[in-house]
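# What follows is a predicted protein model with its sequence.
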Amino acid sequence: MSFKSLGLSEPLLKAISKKGYETPSPIQAKAIPPVLEGKDVLASAQTGTGKTAGFTLPMLHLLSKGPEQRHRPIRALILTPTRELAAQVHANVKEYSEFLNIRSAVIFGGVNQNPQVNKLNQGVDVLVATPGRLIDLENQGLLSLKKVEIFVLDEADRMLDMGFLRDIERIMKLIPNKRQNLMFSATFSKDIKKLAYSILNHPVQVEATPENTAVEVIEQKVYRVAKGKKTNLIIKLISEGNWKQVLVFTRTKHGANKLCKKMISAGITAAAIHGNKSQGARTKALAGFKNGSVRVLVATDIAARGLDIPLLPHVINFELPNISEDYVHRIGRTGRAGAEGQAISLVSADETTYLKGIEKLIGESIEVEIVEGFEPDPNASTEPIKPGQNRNQGRGRNSNSRNSSRNSSKNSKNSNRSRSRNRNTNSR
Ligand code: ADP
Ligand code: MG
């Protein structure tokens, strides 16, 4: 199987080989042909399997074959749940369209809208957007979606988790009824099927089985440790292992900042990425992490969602997530595109229940190790940390949003207030 045999045009093949891809990933091989045929497609495959190119390449092919447009109305709209993802998808669109006469732009909240509006005014064929900013600009009459031919919902499962259902419904009303719809998701839940049913028109459904993908090449390990000794243990592991690029997850923004400071005092370059950081600070942290000048990136779940950090060797859960699925998403940051990775979790007594839940979900028990001098506290309570107990740690208006957005995605009758709050979490 080659990209050429999928029927993609020469300028795209050139960009693909410049990017260094040799063969299509399984989800790309399955999704690209029906998209090229103009069909609606519902695709699901694990994180890190190349879904972005799965919709971007055939989309660009179709757009470039269409009639030349003088005013360049927005002809393709890609919705993503977070700013980071939007920026990432846009970077991909730009790379793949390098040899085509296609213009693209990205818009998201948290930054001044004027540069985005200026860019839109110059005419763009492909727009990548987060829902909030898109609706804002449309409301102000600064963009029109009336000429959209291709609509893509990326990371659809995340969109629902983050409470974007109503926003998606609003956006659907702004684009023409006759259009091609593509929906990509890492998981394939009942809610996703329901959403697909309402958006897609006789979709072709493609799925890549997790055979030989990310999770299998990830080595997982648990260190049982006393809660108060976690910071020193993580510093020891990173220093003695001489690990160069480590993504660390904490439960709260406050925890991320605190750990980051401790790392820096221990002589390890580190940066934190979460919803209370400005867009500039986050972009800088991520860029530093990618180019190797920042060794450790400390992140909260939503901030890290979908970040494309190729070949990331180490992921550490400083604290286990209280939602088991988040564990799978977190460790999906390592072992990407077939590379090997290591996922380590520091587990204290009060996280025992979470560990059991995770092991049940992944269907295996994770190897446990105890490091001398960092033994777990035999007298510590195994009472789980309740999400609410973190309330005064995650200060700021979004501190409880994780739970409210989770509940609201299950409960369609969520209030306006909780919805607008959920919108703000796309940065966490
Ligand atoms: P997903 O959206 O499924 O989580 P991405 O689209 O972010 O995955 O891709 C994950 C990684 O795999 C990226 O670094 C991307 O550049 C790389 N990748 C995508 N397609 C291919 C391919 N055909 N060959 C090699 N690497 C690829
Ligand atoms: Mg993706």
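Structure's in. What do you need? Ligands and ions are numbered 1, 2, ... in the order given.
# Okay, now the unreliable bits of the stretch 251-400 of the chain?
Within the stretch 251-400 of the chain, the stretches with pLDDT under 70 are 304-311, 335-340, 386-400.
# Helices of the stretch 251-400 of the chain, residue ranges please.
Here the stretch 251-400 of the chain has its helices, by DSSP state H, counting those that start in this stretch, at 253-265, 279-291, 301-304, 324-331, 352-362.
# now swap in the stretch 101-250 of the chain and tell me
Assigned by DSSP H, counting those that start in this stretch, the stretch 101-250 of the chain shows helices spanning 114-121, 131-139, 156-161, 165-172, 190-199, 230-240.
# one step back: comparing the helices of the stretch 251-400 of the chain, which comes out most buried?
A comparison of the helices of the stretch 251-400 of the chain by mean neighbour count, using mean count of other C-beta atoms under 10 Å, puts helix 301-304 on top with a mean of 24. Placement of C-beta: from N, CA and C, glycine included.
# Mind checking if it is in reach of ligand 1?
No - shown here: helix 301-304 not in contact with ligand 1 (C-beta under 6 Å from any ligand atom), separated by at least 12.4 Å.
# Quick one: distance of that helix to the chain centre.
Distance of helix 301-304 from the chain centroid (C-alpha atoms, centre = their mean, to the nearest Å) equals 7 Å.
# Do a quick rundown of the strands in the chain.
41-44, 76-79, 104-107, 126-129, 150-153, 180-185, 204-207, 218-224, 246-249, 270-273, 296-299, 314-317, 341-347, 367-369 (DSSP state E).
# which residues sit against the first one?
Counting by C-beta atoms under 8 Å, 6 or more residues apart in numbering, strand 41-44 makes contact with 27, 30-31, 34-35, 51, 54-55, 181-188, 192, 196, 200, 203-208, all of which sit outside it.
# swap in the shortest one?
Contacts with strand 367-369, where a contact means C-beta under 8 Å, 6+ apart, come from 220, 221, 222, 223, 224.
# Name the strands paired with that strand and say parallel or antiparallel.
The strands beside strand 367-369 in its sheet (DSSP bridges) come out as strand 218-224 (parallel).
# hmm, back to that, out of the strands of the chain, which is closest to ligand 1?
strand 180-185 (7.0 Å; C-beta to the nearest ligand atom).
# The helices of the stretch 101-250 of the chain: which one's closest to ligand 1?
In terms of C-beta to the nearest ligand atom, the element of these nearest to ligand 1 is helix 156-161, at 10.6 Å.
# How many residues are close by residue 366?
17 (other C-beta atoms under 10 Å).
# quick one: contacts for it?
Applying C-beta under 8 Å, 6+ apart, one finds that residue 366 lies in contact with 220, 221, 222, 345, 355, 358, 359.
# Pretty sure the second one sits against residue 345.
Yes - contact between residue 221 and residue 345 holds when scored by C-beta atoms under 8 Å: they sit 7.4 Å apart.
# Tell me which of these two has more neighbours.
Between residue 221 and residue 345, counted using other C-beta under 10 Å, the more crowded position is residue 345 (27 against 13).
# just to revisit the earlier point, would you list the helices of the stretch 101-250 of the chain in a markdown table and tack on distance to ligand 1?
As requested, the helices of the stretch 101-250 of the chain are arranged in a markdown table below (distance: least, C-beta to the nearest ligand atom, whole Å):
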| stretch | distance to ligand 1 |
| --- | --- |
| helix 114-121 | 23 |
| helix 131-139 | 18 |
| helix 156-161 | 11 |
| helix 165-172 | 18 |
| helix 190-199 | 15 |
| helix 230-240 | 24 |
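# Please identify the deepest-packed of these.
Of all those, helix 156-161 carries the top mean neighbour count, a mean of 25, counting by mean count of other C-beta under 10 Å.
# Could you give the average pLDDT over that one?
Across helix 156-161, the average pLDDT comes to 88.
# Convert the C-alpha atoms of that helix to CSV, please.
What follows is helix 156-161 as a C-alpha-only set of coordinates in CSV (Å, rounded to 0.1, in the frame of the first residue of the first chain):
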residue,chain,number,x,y,z
ALA,A,156,-15.1,14.2,18.4
ASP,A,157,-14.9,12.3,21.7
ARG,A,158,-13.0,15.1,23.4
MET,A,159,-15.5,17.6,22.0
LEU,A,160,-18.3,15.8,23.8
ASP,A,161,-16.3,15.3,27.0
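# Could you point out which of the strands of the chain sits nearest residue 113?
Each of the strands of the chain was scored for nearness to residue 113 using C-beta to C-beta, and the closest is strand 104-107 (7.7 Å).
# What are the contacting residues of that closest one?
Residues from elsewhere that reach strand 104-107 (C-beta under 8 Å, 6+ apart): 86-87, 89-90, 93-94, 97, 113, 116, 119-120, 124-130, 133-134, 137.
# for residue 231, what are its contacts?
Taking C-beta under 8 Å, 6+ apart, we find residue 231 in contact with 259, 262.
# could you measure it against residue 106, distance?
When C-beta to C-beta, to the nearest Å is the yardstick, residue 231 and residue 106 sit 37 Å from each other.
# from the stretch 151-300 of the chain, which residue is nearest to ligand 1?
When distances are taken as C-beta to the nearest ligand atom, the stretch 151-300 of the chain approaches ligand 1 most closely through residue 186, which lies 6.6 Å from it.
# ok, now which ones touch that residue?
For residue 186, the contacting residues are 44, 45, 46, 47, 51, 155, 157, 158, 329, 332, by C-beta under 8 Å, 6+ apart.
# can you give me phi and psi for it?
Backbone torsions of residue 186, given as degrees, to the nearest 10, read phi -80, psi -30.
# ok, now how distant is the nearest residue to it once chain neighbours are set aside from ligand 1?
The spatially closest residue to residue 186, leaving aside those adjacent along the chain, is residue 47, at 4.9 Å (C-beta to C-beta, 6 or more residues apart in numbering). Shown here: residue 47 relative to ligand 1, a distance of 4 Å by C-beta to the nearest ligand atom, to the nearest Å.
# and if you look at residue 382?
Residue 382 sits at a distance of 35 Å from ligand 1 (criterion: C-beta to the nearest ligand atom).
# List the buried residues of stretch 9-26.
Residues of stretch 9-26 classed as buried under the neighbour-count rule (16 or more other C-beta atoms under 10 Å) are 11, 12, 13, 15, 16, 21, 24, 25, 26.
# which of the residues you listed are close to ligand 1?
The residues of the buried residues of stretch 9-26 that also fall near ligand 1, by C-beta under 6 Å from any ligand atom, are 21, 24, 25.
# wait, residue 298 sits on residue 250?
Yes - between residue 298 and residue 250 a contact is recorded at 6.1 Å, counting by C-beta under 8 Å.
# Which residues are in contact with each of those two?
Residues touching both residue 298 and residue 250 by C-beta under 8 Å, 6+ apart: 256, 259, 318.
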